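A.B. asks: can't give you the sequence, but here's the structure:
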């Protein structure tokens, strides 16, 4: 602005040279009074239309000297209409507009003059300067390029050009210009500080520090130089040094809120949220209605899990006069993090009613609603629309990465996290989730398990126990295609037979995962039994798809061994099991399914059975803890058979009603997709069976990810009937998974 004032005074002086001076001397005060009186008379004449061209020029010069902005605007607006082709008048009008901070109005006048004088480099340079003042940086740079390419490289032009490059964030080009001027000793202090920041942005950290040292000698103790030093330390992640300088400056100027704000920024990037909250409460002590301080406290509180404090400050911001839509948006996010998804959706709806034209708000609301609903395709579309409205928006990028990750879209998840980490390299959660996605999608996996199972019954012809071990090795061929091999062994024991056969097996399979469109999974298995038993071959094919949002379809075929007792094992009994299932996912809060299965047994009579079922699950709590109630109706269609001797066949069809309650409790502090998880589960189910029998089942499990590459889990189950002779089973299983 100093250079602008100098230009104004110079031009005004030129105009005044044409005005005859008074022969008598006057004091400064009397001169101003006289000028004001003359201007008043002249303005009346100007408005009356009786001033000629020279009188108008004299009036304009007088107003410029006296700083009469209102008159200047009035004169400029009128003379461009009265003298549209008069170069001198247009230049005066430009001067009047610029002097009243109306650079945008001066731009058409510059263009008129440039058309008439295309080779006037000074005029072009003045126009470039005006475009920069109007914030139209691209046009300004284009004009500066014309001036410089024409050979006009004086220091003033180069310094203005460098400043516009810096303001337009073209730091590498700005550095070139600033460096040339610095070597000549032509940089002012403010420009030298811009040079420091440009060097940092261009990655020339050493040069930036070197320049700061020179400035510290030129301007010892200067606040702006110290501030730049702290800024550079901040950019280089030397947060301790940055905080020390900001603190020292804060002591010198305890009432300057800027230093508190910069200290708060250091605390926030250092994840020292308690310190950030403390600093911003000091700001509120000096400025009780400081919205930025309230917003920072709300953010820091929410990021540290203190949701009640966060909501308190968001409510204050929303209740303030003319609240920013971002207050609604961030409070809605916090409600979502808390698991209060219905409250979050309601707040988004309220904000949309208040700000119906806000594209970013509309896109975010749609994205979050679909995220909560787990509707994949609409969610992805909505998040991409959000990123169009707000490119590189961190919340949108992180959410989208999380959504890709939980749907097994590893490549898309990694690319999204990369984009976020490019913008915010210190985004710890994104870095953790990205690493988890890379490990899961690209590394070989060993999954080993040891289990013990025992089942005994009277009416169900079940009396088998086994100890089993299996190891599965999977290998990702590409992002969506995985192959696996499973080695297993089971040692059987039977209640009514002394034989304890050991069965060993190998299964080879693959999985192609491209949900929600399609998933294919298939395998072939071979089981080697002792010499007195026949070997068996098993396998399966499965496919899943989600043709419509929230509608899941599944179809599978399994060829399985039926080992209910020694007789079924001895007879090499198998079943060809076909099943179809449809599930409607009720937006995470509930889901319902129906299925139909046909079993064809390989006994002499080629018997078949039909099983139909339907179930519903309601999640009373979804996040962060999960509490669900379940109900399943299942009809077993065995049918009566006159022949006796079947060791696997139920003599009649029957129906069961099973209800249960399930609980999952997270033990790890961080609960987001990609974090190492630790949780336990507990479930209780009871089933109403024919003839008044009631079956009970308890199940418990404990899972822990010890690192990104190693996880363990244990689970136990016990089932018993009110009539102990009917059925009882026990299960104990321990497994680990290792990525390498």
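C.D. replies: Good, I have the coordinates. No experiment lies behind these values; they were computed from the predicted model shown.
A.B. asks: which one is residue 327 nearest to, not counting chain neighbours?
C.D. replies: Distances taken as Cβ to Cβ, 6 or more residues apart in numbering place residue 317 nearest to residue 327, at 4.2 Å, with adjacent residues excluded. C-betas here are computed from N, CA, C, even on glycine.
A.B. asks: Please name the residues that touch the one you found.
C.D. replies: 291, 294-295, 298, 323-324, 327 (Cβ atoms under 8 Å, 6 or more residues apart in numbering).
A.B. asks: Filter those residues down to the buried ones, PyMOL style.
C.D. replies: To isolate the buried members of the contacts of residue 317 in PyMOL, using 16 or more other Cβ atoms under 10 Å:
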select buried, resi 294+295+298+323+327
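A.B. asks: Now tabulate the contacts of residue 317 in JSON lines and tack on pLDDT.
C.D. replies: Output for the contacts of residue 317, formatted as JSON lines (pLDDT from 0 to 100):
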{"residue": "291", "pLDDT": "95"}
{"residue": "294", "pLDDT": "96"}
{"residue": "295", "pLDDT": "96"}
{"residue": "298", "pLDDT": "97"}
{"residue": "323", "pLDDT": "93"}
{"residue": "324", "pLDDT": "94"}
{"residue": "327", "pLDDT": "97"}
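A.B. asks: in the host helix or strand of the residue nearest to residue 327, what's buried?
C.D. replies: In the assignment (DSSP states H and E), residue 317 maps to helix 307-319. For helix 307-319, a neighbour-count test (16+ other Cβ under 10 Å) marks 309-311, 313-314, 316-318 as buried.
A.B. asks: what distance separates that helix from the centre of its chain?
C.D. replies: Relative to its chain's centre, helix 307-319 lies at 22 Å (Cα atoms, centre = their mean, to the nearest Å).
A.B. asks: same question for it, mean pLDDT?
C.D. replies: Mean per-residue pLDDT for helix 307-319: 96.
A.B. asks: After that helix, which helix or strand is next?
C.D. replies: helix 325-337.
A.B. asks: any residues touching stretch 566-574, and which ones?
C.D. replies: Contacts of stretch 566-574 (Cβ under 8 Å, 6+ apart): 464, 492, 494, 496-497, 499, 501, 529, 533-534, 536, 538, 559-563, 601-603, 647-648.
A.B. asks: In strands, which of those fall?
C.D. replies: Counted as lying in strands by DSSP state E, out of the contacts of stretch 566-574, are 464, 492, 494, 536, 538, 559-561, 601.
A.B. asks: quick one: contacts for residue 487?
C.D. replies: Contacts for residue 487 (Cβ under 8 Å, 6+ apart) come out as 470-472, 504-506.
A.B. asks: Make sure it is indeed in a strand.
C.D. replies: Yes. Counting by DSSP: H, G, I helix; E, B strand; the rest coil, residue 487 is found in a strand.
A.B. asks: Provide the partner residues of it in its beta bridges.
C.D. replies: Listed beta-bridge partners, residue 487: residue 471, residue 506 (assigned using DSSP bridges).
A.B. asks: Any regions of the stretch 501-650 of the chain where pLDDT drops low?
C.D. replies: 640-646 (pLDDT under 70).
A.B. asks: count of neighbours near the residue nearest to residue 243 when sequence neighbours are not counted?
C.D. replies: In space, not counting the residues next to it along the chain, residue 243 is nearest to residue 266; the distance is 4.7 Å by Cβ to Cβ, 6+ apart. For residue 266, the neighbour count with other Cβ atoms under 10 Å is 24.
A.B. asks: quick one: buried residues of the helix or strand harbouring residue 266?
C.D. replies: Assessed by DSSP H and E, residue 266 sits inside helix 257-269. In terms of neighbour count (16+ other Cβ under 10 Å), helix 257-269 has its buried residues at 257, 259-268.
A.B. asks: again, but for stretch 267-284
C.D. replies: Those would be 267-268, 270, 272-273, 275-277, 279-280, 282-283, for stretch 267-284 by 16+ other Cβ under 10 Å.
A.B. asks: related to what we said a few turns ago, and the next helix or strand past the helix holding residue 266?
C.D. replies: The C-terminal neighbour of helix 257-269 among helices and strands, as given by DSSP H and E, is helix 273-286.
A.B. asks: which outside residues touch that next one?
C.D. replies: Everything outside helix 273-286 that qualifies as a contact, by Cβ under 8 Å, 6+ apart, is 255, 257, 260-261, 263-264, 267-268, 290, 292-294, 296-297, 300-301, 303-304.
A.B. asks: Show the end-to-end separation of stretch 619-631, please.
C.D. replies: Stretch 619-631 has an end-to-end distance of 12 Å (Cα to Cα, to the nearest Å).
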